[in-house]
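Visitor: next one to model:
(chains A and B)
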Amino acid sequence: MSRAPRCPGQRRAFTLVELLVVIAIIGVLVSLLLPAVQAAREAARRMTCSNNLKNLGLACLNYNDTKKSLPVSTPERFHSDLRTVDCAVSSTPENIPDTLPYGWNGKGWIVEVLPQLEQQAAYDQLVAQIKADKGFGVKPTRGLGLGAIEVRNIVGTQLPVLTCPSDESAKPSDQLWYWDNGGAGGIFTASTSYKGCVGDTLLSTDSVPCSTNVVPPAVPDSGTNVGTGSPDVHNTASNNGLFQRMSIAAPITLRTVTDGTSNTFMIGEGVVEQDYHSAAFYYDGDWATCGLPLNYFVHGVDENTLKTSFWYKTRGYKSLHPGGAQFVMADGSVHFVQESIDTRIYRGLATRDRGEIATLGN
Amino acid sequence: MHIEKHFRFPLLVLGAALVATIGCGGPYDAVVTGEVTLNGETLGSGSVAFLPADGGPTAYAEISSDGRYDVYTGKERGLSSGDYSVTVVSLEPPATERSQVGGPPAPGKALTPPWYAMAEYSRLKFQVDSGSNEINLELNTTPPEGWQPTRRRR
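Guide: Numbers count the residues shown, from 1 in each chain, chains lettered A, B, ... in the order given. So this is what the prediction gives:
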């Protein structure tokens, strides 16, 4: 082709085709670069998240060193189910008092470790309020304990250490369970991206403790009862993980982690908009179970249905990081668990004393 | 003609880049969809679980209101090919919005017979092949052999 200038005496300009080619090349390069940039940003968010888990794990281990048990949770009201301690053998009543010195106040384990997270002032105020009120209430004009007007600025402040940067829904909300004032407009509470592991309990379709009428999906048990079997122990003090919402009745110590602290989940990730049980400082917002598959997301239902009808499908571990979720083990190490993990190994890692052979591959 | 010659190379690069960035699907080699019926009637709600026979992750699906389901493993659509036992549980919506103490309501009665919740009694065993699979789950109210209605494990 000819390279002779078409207008003698003038400088040759780019032709339209050359311009288009250059734009196309730039477009291709940018399209190659963009996913890499996004991946790098996600990797940074994941690292922040893993750092949060590490801090929470160390806080719990430090707590265990001084208080001789893992941080305990206190129910918000007296559950008669609390007396059911061992589903496997018999329903033995435990010697649990009808009243507690500071009432049934709904104080979750996260409140207990606030001093270890450099939040001593917040802890002091919350505990002073709980000791004064000896209860729990969330009426907008009048609250008790954690819901009291005096501490709303504390419970409504989202702590960075409880927030996974990949989860945009991890922020204060007035829609979380028990804080929404019976649906009539509740008070804002911070949420938590991190949930203590209750074990691998399945959730029951009826509220009877130790029911074997467990909710779908019926996943293989980590023990011998493959396919079915594990009773629903989330209403009892006989869970097989490290955190229990009624652990004030039977504190769990690291000594009982006979499966090995490096083989037992302590805390893992949740996604607030997929689990309305996520109130940060509340005893029923800070735990999750490995009885549901990892990253079980409920697709295609509206928020209200998810919250009221499907709550039992939302209490597993999940995260928005691609491919899996992060956990801190009972030895304080943080691991990324692939969502393709064998279900039985996953459930085995959730239990502290069932004697399964379950170790993390990575 | 010379314009096309100019275009040929960038078009090739653009095409290659598109294939590279869009890719060819998620990490799992099989997709399972299908319809769920109970005694021939469409089941418009509930959960399906695909339990692998040889170990691996449990895949799951929500049944949509038209009775269709589409299996996921974790956040990704699809599952690994292989042999699976399938369980299905569908519950009526809760009778109330919340419980008496202001918590989440107890789920409603089960619409599906209880044996479909247990892999060893559900009689739903399928081989999932690489690629697309259409598996219709036809449930009925005839109990499987050896089924004891009051069976309880304590």
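Visitor: what about the helices in chain A?
Guide: In chain A, the helices defined using DSSP state H lie at A:16-67, A:109-112, A:120-133, A:152-155, A:303-308, A:343-350.
Visitor: turn these into CSV, including mean neighbour count and distance to chain B.
Guide: (C-beta placed from N, C-alpha, C; glycine too.) Converted to CSV, the helices of chain A look like this (neighbours: other CB atoms under 10 Å in any protein chain shown; distance: least, CB to the nearest CB, whole Å):
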stretch, mean neighbour count, distance to chain B
helix A:16-67, 15, 5
helix A:109-112, 27, 19
helix A:120-133, 16, 18
helix A:152-155, 19, 17
helix A:303-308, 16, 6
helix A:343-350, 26, 5
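Visitor: got these as JSON lines, with mean pLDDT columns?
Guide: As requested, the helices of chain A are exported to JSON lines (pLDDT from 0 to 100):
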{"stretch": "helix A:16-67", "mean pLDDT": "95"}
{"stretch": "helix A:109-112", "mean pLDDT": "95"}
{"stretch": "helix A:120-133", "mean pLDDT": "94"}
{"stretch": "helix A:152-155", "mean pLDDT": "94"}
{"stretch": "helix A:303-308", "mean pLDDT": "87"}
{"stretch": "helix A:343-350", "mean pLDDT": "87"}
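Visitor: which one, of those helices, ends up nearest to B:Ser90?
Guide: For the helices of chain A, distance to B:Ser90 was read as CB to CB. The smallest value, 14.3 Å, belongs to helix A:303-308.
Visitor: low-confidence ranges in the chain?
Guide: I'll assume chain A. A:1-10, A:79-98, A:204-231, A:361-362 (pLDDT under 70).
Visitor: right idea, wrong chain: chain B
Guide: B:1-25, B:149-154.
Visitor: now what about stretch A:43-59, what contacts it?
Guide: A:113, A:116-117, A:160-166, A:193-194, A:266-269, A:319, A:321, A:326-329, A:332-334, A:336 (CB atoms under 8 Å, 6 or more residues apart in numbering or on different chains).
Visitor: need the buried ones from the residues you listed selected in PyMOL.
Guide: A single PyMOL command selects the buried members of those (16 or more other CB atoms under 10 Å in any protein chain shown):
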select buried, chain A and resi 113+116+117+161+162+163+164+165+166+193+194+266+267+268+269+319+321+326+327+328+329+332+334+336
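Visitor: number of nearby residues for the residue in the stretch 251-362 of chain A positioned nearest to chain B?
Guide: Chain B sits closest to A:Glu339 of the stretch 251-362 of chain A, with a gap of 3.0 Å, by CB to the nearest CB. Neighbourhood size, A:Glu339 [other CB atoms under 10 Å in any protein chain shown]: 24.
Visitor: can you map out the strands along chain B?
Guide: All strands of chain B, identified by DSSP state E, fall at B:30-38, B:41-42, B:47-52, B:59-62, B:68-70, B:72-73, B:76-77, B:82-89, B:125-128, B:131-134, B:137-139.
Visitor: and if you look at the stretch 201-350 of chain A?
Guide: A:265-269, A:287-288, A:324-329, A:334-338 (DSSP state E, counting those that start in this stretch).
Visitor: which strands or helices does the second one pack on?
Guide: For strand A:287-288, the packing partners by 3 or more CB pairs under 8 Å, 6 or more residues apart in numbering or on different chains; DSSP states H and E come out as strand A:194-197.
Visitor: C-alpha coordinates for the strand it packs on, CSV please?
Guide: What follows is strand A:194-197 as a C-alpha-only set of coordinates in CSV (Å, rounded to 0.1, in the frame of the first residue of the first chain):
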residue,chain,number,x,y,z
TYR,A,194,-17.7,-13.3,62.9
LYS,A,195,-19.6,-16.1,64.6
GLY,A,196,-18.5,-18.5,67.3
CYS,A,197,-18.7,-22.2,66.3
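Visitor: paired strands for that strand, with orientation please.
Guide: Taking DSSP bridges as the criterion, strand A:194-197 forms sheet pairs with strand A:265-269 (antiparallel), strand A:287-288 (parallel).
Visitor: between helix A:343-350 and the first one, find me the angle.
Guide: Translated: strand A:265-269. 110 degrees (axes from the mean of the first three to the mean of the last three CA atoms, to 10 degrees).
Visitor: quick one: distance of strand A:265-269 to the chain centre.
Guide: With CA atoms, centre = their mean, to the nearest Å as the basis, strand A:265-269 stands 7 Å off its chain's centre.
Visitor: next, the angle from it to helix A:16-67.
Guide: Using the same axes, to 10 degrees: strand A:265-269 against helix A:16-67 is 140 degrees.
Visitor: compute the inter-axis angle for strand A:265-269 and strand A:324-329.
Guide: Angle, strand A:265-269 to strand A:324-329, by the same axes, to 10 degrees: 140 degrees.
Visitor: hmm, who's touching strand A:265-269?
Guide: In contact with strand A:265-269 (CB under 8 Å, 6+ apart) are residues A:49, A:53, A:56-57, A:60, A:164, A:193-197, A:241-243, A:288, A:290, A:317-319, A:321, A:325-330, A:337, A:349-350.
Visitor: ok, the closest residue to the residue of the stretch 251-362 of chain A closest to chain B other than its chain neighbours - how many residues close by?
Guide: Once flanking residues are discounted, A:Glu339 sits nearest to B:Gly74: 3.0 Å by CB to CB, 6 or more residues apart in numbering or on different chains. Neighbours of B:Gly74 under the rule other CB under 10 Å: 28.
Visitor: please report the distance of B:Gly74 from A:Tyr317.
Guide: 11 Å (CB to CB, to the nearest Å).
Visitor: which of the residues in stretch B:63-80 are buried?
Guide: Within stretch B:63-80, the residues scored as buried using 16+ other CB under 10 Å are B:63, B:67-80.
Visitor: pick out the most distant pair among those residues.
Guide: B:Gly67 and B:Ser80 (25.2 Å).
Visitor: so what's B:Gly82 up against?
Guide: B:52-54, B:56, B:127-128.
Visitor: beta partners of it?
Guide: Here B:Gly82, judged by DSSP bridges, has bridge partners B:Val128.
Visitor: so A:Ala280 makes contact with A:Lys107?
Guide: No - the pair A:Ala280 / A:Lys107 is not scored as a contact, 11.7 Å apart, by CB atoms under 8 Å.
Visitor: what is the neighbour count of the closest residue to B:Leu38 other than its chain neighbours?
Guide: For B:Leu38, ignoring the flanking residues on the chain, the nearest one in space by CB to CB, 6+ apart is B:Leu139 at 4.5 Å. Residues near B:Leu139, counting by other CB under 10 Å, number 22.
Visitor: ok, B:Leu139 - contacts?
Guide: Neighbours of B:Leu139 in contact, by CB under 8 Å, 6+ apart: B:36-39, B:43, B:88, B:112-113, B:116.
Visitor: ok, of those, which one's closest to B:Ala95?
Guide: Nearest member of those to B:Ala95, counting by CB to CB, is B:Thr112, at 18.2 Å.
Visitor: thank you, goodbye.
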